[in-house]
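A.B. asks: Generate a structure from the sequence data that follows.
(one chain, ligands or ions: 1)
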Amino acid sequence: MLAPDSFTDLLALASEGARHVEEEGVLSLAIPMAGGDPMALLPRLDGGDSFRFLWDGAPGLCIAASGRTNSLELSGPRRFELAQRFASASLNRLAGHGPCPPLARPRVLLAFGFFDAPLEAAPAAVPGVQAVLPRWQLSRHGRHCWLRLQRPLGGGITARSLAEELWETARHLERLSAEPPQFQPVGVALRSPWQEHYRRVAAQALELVQADALQKLVLAVRQQLTLTTLPDPLALLAPLRRHQGGSCRLLWQRSAGSALIGASPERLLTIRQGQLRSDALAGTAPAGASAAALLQSAKDRLEHELVVDTITAVLARAGLSPRRPRHPRLARHGQLVHLHSPISAALGHHQPLAIAAALHPTPAVAGLPRREAMAWLRSLEPFERGHYAAPIGWVDSAGDADLRVAIRSGTLEGRHLELTAGAGLVPGSAVDRELQEVTLKLGVLQQQLNLPQPPPIAAGLSL
Ligand SMILES: C=C(O[C@H]1C=CC=C(C(=O)O)[C@@H]1O)C(=O)O
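C.D. replies: From the prediction side, this is the model:
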């Protein structure tokens with residue numbers, strides 16, 4: 001039975017699934033739904049705790065999820081391997097989920113930190129990885145929409161109660177679907193300065209690349225914004241759909257008061273039916289008539305080539321046969337244009353997170369050589385990167401996966417929003433131009449979050 005389309009069918013599926021639930025196993029049921037926008041419906045999915053996730057690739061795949069049925073949080077150099085093990089075990093132990101279209105498959109959701117471990121093990125620090133098998137998963141692609149519910153049986157939860165909860169929630173959400181989300185505009189009371197410190201450390205980083213101690217360093221800045229009201233993170237994300245069409249809009253809400261939001265233009269890896277794709281994205285200009293000059297800029301081409309070469313070499317070292325385009329193309333993301341090279345390969349027998357471990361962090365967000373660059377980032381950047389530039393996404397029960405790089409992002413803690421943006425320094429870079437580039441990236445992000453603008457951006461800015 002591909003799609004249970006009556007309650008009787010669903011109940012039969014649930015009862016059959018319940019017979020196969022092992023100890024600590026979870027019953028996972030899904031049904032198709034009419035309509036429904038995951039972004040608008042996420043607040044209506046009560047997962048029993050404060051975890052919420054949104055993956056908004058509209059017009060492609062959108063997923064809203066809430067509640068933790070199983071979860072993992074840990075730090076350390078084995079985080080990718082242990083997250084893969086957790087994901088495979090959680091997905092293999094699900095009972096009740098039969099064949100379903102790819103969009104409806106059960107998924108383990110993943111948010112990594114940029115570094116293996118935070119510098120300080122404070123409770124609010126971002127751990128090396130968080131992995132969640134959610135209670136609710138609402139997924140949509142085109143006109144197709146499915147709702148999935150996953151819970152362990154016992155303690156009053158039976159196959160019947162689960163089937164009823166899923167059926168009734170789907171009908172309830174269908175009735176709500178037409179309601180557009182209502183969001184109030186948010187103001188900015190305060191913006192922290194970052195420019196002076198950046199100038200100093202960027203000059204230091206530039207000396208390192210000019211002296212050949214590093215080939216490239218992607219130095220980031222962080223701006224703290226104090227907002228005038230307490231915003232719903234979804235309120236900040238909603239406008240990005242309009243402004244950042246080609247990106248994937250992301251929300252990772254670990255607890256009620258803390259959320260990562262962003263619109264990532266960069267794919268660390270996507271796996272579909274055994275085919276892998278990774279994006280080399282580096283080299284930036286404001287969108288406009290002069291953006292095509294990026295293709296002729298020696299400094300941007302070098303910055304980009306280092307990323308393409310590294311991704312290709314990492315995949316080849318893992319035993320894959322990567323294909324790369326001969327020349328980069330221009331990719332527009334909102335008001336920014338980047339050099340872009342999609343790299344693809346057949347995945348073979350590899351597990352998605354083993355490849356992610358080898359790829360992260362690419363020189364689009366860290367530098368070269370990787371180990372030295374990471375150490376310099378820790379000493380030059382005056383903040384914890386946390387989720388910034390780290391992989392976030394999902395793996396599903398058939399081995400498909402999608403991990404985006406959390407750039408063009410920020411974290412929201414109550415009324416405090418921290419935005420982070422970086423730019424690659426290579427021989428030929430100039431501190432002033434890099435400062436303009438990160439200013440532009442921060443400004444564009446604020447504009448896209450519908451926040452009032454800092455002093456004019458983009459117009460007339462040539463990088
Ligand atoms: C590290 C960031 O962007 C990367 C992706 C595209 C272009 C980049 C650049 O031109 O420096 C960066 O490599 C960021 O936006 O924070």
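
A.B. asks: Give me the spatial nearest neighbour of the residue in the stretch 51-200 of the chain positioned nearest to the ligand, chain neighbours excluded.
C.D. replies: Of the stretch 51-200 of the chain, the residue with the smallest distance to the ligand, taken as C-beta to the nearest ligand atom, is residue 114 at 10.8 Å. Just so you know, the C-beta spots here come from the backbone N, C-alpha and C atoms, and that holds for glycine as well. Using C-beta to C-beta, 6 or more residues apart in numbering and skipping residues adjacent in sequence, the residue nearest residue 114 is residue 385, 3.8 Å away.

A.B. asks: which residues touch the one you found?
C.D. replies: Contact criterion C-beta atoms under 8 Å, 6 or more residues apart in numbering gives 113-115, 220, 377, 420 as the residues in contact with residue 385.

A.B. asks: ditto for residue 259
C.D. replies: When the contact criterion is C-beta under 8 Å, 6+ apart, the partners of residue 259 are 52, 233, 251-253, 411-412.

A.B. asks: hang on, it is in a strand, isn't it?
C.D. replies: Yes - Residue 259: assigned to a strand according to DSSP: H, G, I helix; E, B strand; the rest coil.

A.B. asks: Get me the contact residues on this protein for the ligand.
C.D. replies: 218, 220, 266, 281-284, 338, 364-365, 389, 407-408, 421-424, 441 (C-beta under 6 Å from any ligand atom).

A.B. asks: pLDDT weak spots in the stretch 301-450 of the chain?
C.D. replies: Applying pLDDT under 70 to the predicted model, the stretch 301-450 of the chain contains no residue that meets it.

A.B. asks: which stretches of it form helices?
C.D. replies: Listed from the start of the chain, the stretch 301-450 of the chain has helices (DSSP state H, counting those that start in this stretch) covering 352-359, 370-380, 431-448.

A.B. asks: How about the second one, which residues are buried there?
C.D. replies: Applying a neighbour-count criterion of 16 or more other C-beta atoms under 10 Å, one finds 372-374, 376-377, 380 buried in helix 370-380.

A.B. asks: What of stretch 10-24?
C.D. replies: Neighbour-count burial for stretch 10-24 flags 10-11, 13-14, 17-18, 21 (criterion: 16+ other C-beta under 10 Å).

A.B. asks: Closest one of the buried residues of helix 370-380 to the ligand?
C.D. replies: residue 377 (11.3 Å).

A.B. asks: The closest one and residue 214 touch, don't they?
C.D. replies: No - under the contact definition of C-beta atoms under 8 Å, residue 377 does not touch residue 214, with a separation of 10.5 Å.

A.B. asks: Pull up the overlap in contacts between these two.
C.D. replies: When contacts are counted by C-beta under 8 Å, 6+ apart, residue 377 and residue 214 have residue 367 as shared neighbours.

A.B. asks: just checking, residue 132 touches residue 66?
C.D. replies: No - proximity of residue 132 to residue 66 does not meet the contact threshold set by C-beta under 8 Å, at 9.7 Å.

A.B. asks: could you list every residue that touches the residue most central in space within the chain?
C.D. replies: The C-alpha lying nearest the average C-alpha coordinate of the chain belongs to residue 392 (C-alpha atoms, centre = their mean; 3.6 Å). The neighbourhood of residue 392, defined by C-beta under 8 Å, 6+ apart, consists of 110-112, 250, 252, 260, 264, 403-404, 406.

A.B. asks: Can you tell me which of those has the most neighbours?
C.D. replies: The most crowded member of these is residue 406, carrying 32 neighbours; neighbours defined as other C-beta atoms under 10 Å.

A.B. asks: pretty sure it contacts residue 260?
C.D. replies: Yes - the criterion here is C-beta under 8 Å, and residue 406 meets it with residue 260 at 6.5 Å.

A.B. asks: Name the residues contacting each of these two.
C.D. replies: Common contact partners of residue 406 and residue 260 (C-beta under 8 Å, 6+ apart): 111, 250, 387, 392.

A.B. asks: of all those residues, which comes closest to the ligand?
C.D. replies: Distance from the ligand was checked for each of those by C-beta to the nearest ligand atom. The minimum falls on residue 387, at 12.1 Å.

A.B. asks: Kindly format the C-alpha coordinates of the strand or helix carrying residue 263 as PDB.
C.D. replies: Counting by DSSP states H and E, the element that carries residue 263 is strand 258-264. Once side chains and other backbone atoms are set aside, the C-alpha atoms of strand 258-264 remain, and they are given as PDB (Å, rounded to 0.1, in the frame of the first residue of the first chain):
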ATOM      1  CA  SER A 258      17.600  29.900  20.500                       C
ATOM      2  CA  ALA A 259      17.500  29.500  16.700                       C
ATOM      3  CA  LEU A 260      19.800  29.400  13.700                       C
ATOM      4  CA  ILE A 261      18.200  31.000  10.700                       C
ATOM      5  CA  GLY A 262      19.600  31.600   7.200                       C
ATOM      6  CA  ALA A 263      19.400  31.200   3.500                       C
ATOM      7  CA  SER A 264      22.200  29.000   2.300                       C
END
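
A.B. asks: orientation of it relative to helix 431-448 in degrees?
C.D. replies: 110 degrees (axes from the mean of the first three to the mean of the last three C-alpha atoms, to 10 degrees).

A.B. asks: Describe which strands strand 258-264 pairs with in its sheet and in which direction.
C.D. replies: For strand 258-264, the pairing partners within the sheet under DSSP bridges are strand 248-255 (antiparallel), strand 409-413 (antiparallel).

A.B. asks: Distance to residue 164 added to those strands, as JSON lines?
C.D. replies: Supplementary listing: these in JSON lines, determined by distance: least, C-beta to C-beta, whole Å:
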{"stretch": "strand 248-255", "distance to residue 164": "27"}
{"stretch": "strand 409-413", "distance to residue 164": "35"}
